[in-house]
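Peer 1: With the input below, show me the fold.
(3 chains)
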Amino acid sequence: MSEVLLETRGLSRNFGALAATRDVTFRLEAGARRALIGPNGAGKTTFINLLTGVLKPSHGSVLLKGRDITAASQAERVKLGIARTFQINRLFRGLSVLENVYIAVAERVGAAREIFRPAGWRKDVIEESMHLLETLKLERDARHRISELPYGRQRLVEIAIALGLKPEVLLLDEPAAGVPSAESHIILDAIAGLPPNIGVLIIEHDMDLVFRFAQHITVLVSGAIFAEGTPKEIGANADVRAVYLGQASTRG
Amino acid sequence: MIFGIDVASILLGGFAAGMVLFIVSVGLSVTMGLMGFVNLAHGGFAMIGGYVIVLSMNRWGVGFVPAMALGFILTAAFSVVLERLLYSRLYRAVELDQVLFTIGLVFIMIAAVTLLIGPENQQIQLPQMLRGQMDLGFTSYRTYSVVLIIIGVVFVVALWLGFERTRMGAQIRAAVDNRRMAESLGINVNRLFTLTFAFGSGMAALGGGLGAEFLGLDPQYALKYLVFFLIVVAVGGLGRVTGVFYAALIIGVLDFVLKQYVPRGGTLYIYALTILLLLWRPQGLFGKSA
Amino acid sequence: MTTPSAHLLQHPAALALARRHHLRAWEPLPWILAIAAYFAFPTYLTFGTELLVTILFALSLDLALGYAGIITLGHAAFFGVGAYAVGMLSIYAGWTEPISALFAAAITAGVLGLLSGWVLLRTRGLTLLMLTLSFAALLEELSNQFGEYTGGFDGKNLTFLPILGLFEFDQLSSKSQYLYVLAVLFLVFLVVRSIIYSPFGQSLTGIRENILRMPAVGTPVQSRLVMAYGMSAAVAGVAGALLAQATLFVNQTFLSLDRSAAVIIILILGGYGRLYGAFIGAIAYMALSHFLSKAYPTAWQLGLGLLLVVIALFARNGVLGIGERLWLFVGWRFRRPGNRAAP
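Peer 2: Numbers count the residues shown, from 1 in each chain, chains lettered A, B, ... in the order given. The predicted structure follows:
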């Protein structure tokens, strides 16, 4: 049994009368490849926001490697080893791809507090950033501004920034969202190539990606865990299909 | 009881000034709350409206109330033209660009008025009925100030009813609270904004005209009192009619008191109070918390 | 692991980043021109000194506004504090040695910047705008209130010892002042330049470009902003102190809203976030204002207003932004291989 990296206990979050997250108890181990799925409005992004510290819970706690981090800020949690990507890109659009990743790596190694030495002298940071781009097959875009890249490759940069933080837990919020199907394979390849020892949680709607990538699936409905299991179990679960089909028929 | 009379006249004087502040600033508060647009040219609309009102009275003998109506309509129309042609291009722009644009606009307004009409202060001739003193029972006070207070109360009640009881008011409140949500509900926020912008500018014009008697009216009006309008809006809370009202009253009374008892450097306390208030409640006294 | 990854550093992007801070060929130009002006325009040195001070002030604002994205309508507060620091020290503490007084001004303004930044920068948007505005206005009113000490609007005349014991402050010709201010501007510019090109400066740009992303990469955004604000305040303080020393005078207009507004206009005009925007904006604004605003004040206001509206609508990045677009356009016309990354 691998080490439990990320854990929540009875995590709940209310917005007035709306219970966005309901008593969620959840575990993510080292090396995990977990998918979080659920119909629209199930509270998946709210859950990620609770995990990363963007939101504070109404009840319950979040633990990282056994340590209670419920009170920790976003930045503190990043330093402790949690990284995330956003559903809609949050990149530094006017900067080059390399500079985008540089910012993340520099922050991690503590270079970002240096005032009197040029950024260009931190060869270690530049090298690590380039290496990361290479692993994600982004090196030929390294010099281009984000605004010049096709959307699919921009989503890759989003992942590159998160990886530059050398996280132990990686939370990907709909990495394939908005990516044209012609380009979605690059996202898949990137996810397949993630370091094996980190715990990965992906929110996704793209079932193809989910069933190809996930070893475990958690289904979230109306803020609470509805079902958990292997892809095979979830795929065969009639209740899950009903929840999704119910959604599909109302969408018409 | 001398002490009591002093308090009464302070309150009356302060409230009168506060009402003018309220009437000018309410439009700014709602448009800022609705569109998040920093409109530093709002004082310019007050100035222009004031000029329309005062000049039409002085030069063309238009009556007091018709002049007010004229000022409201012309300024509102003018603001719609500006909004459709220029302001709307900057809705998605960064705050800085909005600040720059509106500062530039107000410079143009001031320069244009100076060139066309001249830099002198415009004196308003109040109709006979509004001059002199009025007997209120416990004291007698300037008729005009009392009338201003009544007008102000009428406005705030009318606006409050408008916001709380009409459909358009509900739409505005919804859009102020959560614009995207309002849009997804089918509310045409852009059209709403044009209407509120026009109304707000018209109100500013009224404020400029009504306040001309004691605030004066010259081209510099647009910038001279801008800081006060901004303070009232920030302290009151964006998009909150009641907030602007109370903030305007507080600032009005405070300024009046300071002018009487601390003639030199009284504004210092207003700035200090603003800073303390905004640090304590950044969203303003009545604004929604982040 | 060194040989296989050494090629990474040879990648054009890596090389560009490594060389980003290198001196470009034209960078000595402004300084050469400034020295040439000393010899070419001996009668305009007072104006020249004021111009150099304005450049430094605009530079300080660029750190806060252009790089960290902090919109402040009250930057003259620090300018004035620096000026009053050297002024009051000179009159009441007999501290007339100019260079050490400059340091005192920088520290005073810097500390004030750190303290006020720590308190004010928790807010955003209109609230921050109003707080910075009110803070500067408050200081100006305080200066007015304590007019017996500060001289209020009439101000105080100051005296200073000769610079380095050799060069006297000559109020008429401003010869020593000009070179003194130029020297200080140069040194402070080097410091600011190095901050901009450092990893710290890079993180400021990150904050400006996407403030929501920065906590998600572990940046303590608040303390970074406060640090940048403090640095910006210190440089503004030096600028104010220099003007007080050069003109041998200080009054409350050093703190005025007009000055805060003018410096924002100058920076936007030249182009913010581009280091040299301060230079271009200051030169353009001061030249135009010097010749127009005294003679035709209304026309000046009208022209300035039109300019601002046009910039806000069409040329948000100022003169340098237009220059950049032209440059990129020219580069595209000649089909240069690869694209340029952000400067």
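Peer 1: show me the contacts for C:I265.
Peer 2: Counting by C-beta atoms under 8 Å, 6 or more residues apart in numbering or on different chains, C:I265 touches B:L100, B:I103, C:G281, C:Y285, C:L304, C:L308. Placement of C-beta: from N, CA and C, glycine included.
Peer 1: Name the helix or strand for the third one, please.
Peer 2: Think C:G281. helix C:277-292 (DSSP states H and E).
Peer 1: Past that helix, which element shows up next along the chain?
Peer 2: Immediately after helix C:277-292, counting by DSSP H and E, sits helix C:297-314.
Peer 1: and that next one, which residues are buried?
Peer 2: C:298, C:300-305, C:307-309, C:311-313 (16 or more other C-beta atoms under 10 Å in any protein chain shown).
Peer 1: Please apply the same query to stretch A:42-60.
Peer 2: So for stretch A:42-60, counting by 16+ other C-beta under 10 Å, buried means A:42-55, A:57, A:60.
Peer 1: Taking these, tell me the two that lie furthest apart.
Peer 2: A:A42 and A:G53 (20.7 Å; C-beta to C-beta).
Peer 1: now the strands for chain B?
Peer 2: B:133-135, B:140-142 (DSSP state E).
Peer 1: go on, chain C?
Peer 2: Counting by DSSP E, the strands of chain C are C:156-157, C:249-250.
Peer 1: Among the ones you listed, show the one with the smallest mean pLDDT.
Peer 2: Lowest mean pLDDT of these: strand C:156-157, a mean of 86.
Peer 1: For that strand, what is the distance to the chain centroid?
Peer 2: Its chain's average C-alpha position is 25 Å from that of strand C:156-157, according to C-alpha atoms, centre = their mean, to the nearest Å.
Peer 1: Show me what that strand is packed up against.
Peer 2: For strand C:156-157, the contact count by 3 or more C-beta pairs under 8 Å, 6 or more residues apart in numbering or on different chains; DSSP states H and E identifies strand C:249-250 as packing neighbours.
Peer 1: contacts for the strand it packs on?
Peer 2: With C-beta under 8 Å, 6+ apart as the criterion, strand C:249-250 contacts C:A83, C:Y84, C:V86, C:G87, C:T150, C:G151, C:G155, C:K156, C:N157, C:L158, C:A244.
Peer 1: repeat that for 7 Å
Peer 2: Outside strand C:249-250, the residues that touch it by C-beta atoms under 7 Å, 6 or more residues apart in numbering or on different chains are C:A83, C:Y84, C:G87, C:G155, C:K156, C:N157, C:L158, C:A244.
Peer 1: Extract the C-alpha trace of the helix holding C:G281 and format it as CSV.
Peer 2: Taking Å, rounded to 0.1, in the frame of the first residue of the first chain, the C-alpha atoms of helix C:277-292 are listed here in CSV:
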residue,chain,number,x,y,z
GLY,C,277,9.2,54.8,-21.1
ALA,C,278,10.0,57.1,-18.2
PHE,C,279,12.6,58.8,-20.2
ILE,C,280,10.5,59.4,-23.3
GLY,C,281,7.4,60.3,-21.4
ALA,C,282,9.2,62.8,-19.2
ILE,C,283,11.0,64.5,-22.1
ALA,C,284,7.8,64.7,-24.2
TYR,C,285,5.6,66.0,-21.3
MET,C,286,8.1,68.4,-19.8
ALA,C,287,9.0,69.9,-23.2
LEU,C,288,5.4,70.4,-24.2
SER,C,289,4.4,71.6,-20.8
HIS,C,290,7.3,74.1,-20.5
PHE,C,291,6.5,75.7,-23.8
LEU,C,292,2.7,75.5,-23.9
